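Enquirer: give me a 3D structure for the following:
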Amino acid sequence: MNVEFLCPHCRAENKTEALPAEGFLCRKCHQIVPLPLSEASRRSEQIERCTVCGNEGFYLQKDFNPRLGILIFALGVIFSYHTKFLSLFLATLIDFVLYYLLATVTICYQCRAIYRGFKENPQHRGFDHLTALKYSKTAT
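Expert: Residues are numbered from 1 along each chain as shown. You can find the predicted model right below:
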């Protein structure tokens, strides 16, 4: 189980493999960032409250770089005429295989912390634009 997050003090990217009870020392500003994980979350291995900002709003997504997915389909489209659209079929097949092979990550709407290695919480759904808009207005 690990967490990727931006330091609330200096906005530097940090990643921790385990959630230390005493907090995490930022690699850039060297300030301690408390990452409290509730006992219920430790037992269930599900995220209920963000350890970085305390928010309870999360969404799920596959642990895959979306730009790479767009590149795969762009190559499929570029070569589709020359391959009699076989490249589009291949791009779709690659997409389906990656969808079923890759793990799901939990992402905080408020601070965008990424949680890997936790079980999916059934209360969390895919990305919702209206929910994200609500959090973007509170962040400013």
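Enquirer: going forward, measure contacts and count neighbours with C-alpha atoms only.
Expert: Fine.
Enquirer: before we move on, what SS does I70 have?
Expert: The local conformation at I70, judged by DSSP: H, G, I helix; E, B strand; the rest coil, is helix.
Enquirer: my bad, I107
Expert: What three-state DSSP gives for I107 is strand.
Enquirer: show me where this protein dips below the pLDDT cut-off.
Expert: Along the chain, the model assigns pLDDT under 70 to residues 138-140.
Enquirer: max-length helix in it?
Expert: Ranked by residue count and defined by DSSP state H, the top helix of the chain is helix 86-101.
Enquirer: contacts for that helix?
Expert: By CA atoms under 8 Å, 6 or more residues apart in numbering, the list of residues contacting helix 86-101 from outside reads K62, G69, I72, F73, L75, G76, V77, F79, S80.
Enquirer: run a quick neighbour tally on S41.
Expert: Neighbourhood size, S41 [other CA atoms under 10 Å]: 14.
Enquirer: apologies, that question was intended for G76.
Expert: With neighbours defined by other CA under 10 Å, the count for G76 comes to 20.
Enquirer: so which of the contacts of helix 86-101 comes closest to R27?
Expert: K62 (27.1 Å; CA to CA).
Enquirer: how about the helices in this structure?
Expert: Using DSSP H, helices in the chain cover 39-44, 66-78, 86-101, 129-139.
Enquirer: any idea which of those helices gets closest to F118?
Expert: Closest of these to F118 is helix 39-44, at 8.9 Å (criterion: CA to CA).
Enquirer: quick one, phi/psi of E56?
Expert: phi -110, psi 10 (degrees, to the nearest 10).
Enquirer: wait, it touches E48, no?
Expert: Yes. The criterion here is CA atoms under 8 Å, and E56 meets it with E48 at 6.2 Å.
Enquirer: which one's more surrounded, the two?
Expert: The neighbour comparison of E56 against E48 (other CA under 10 Å) goes to E48, with 19 against 14.
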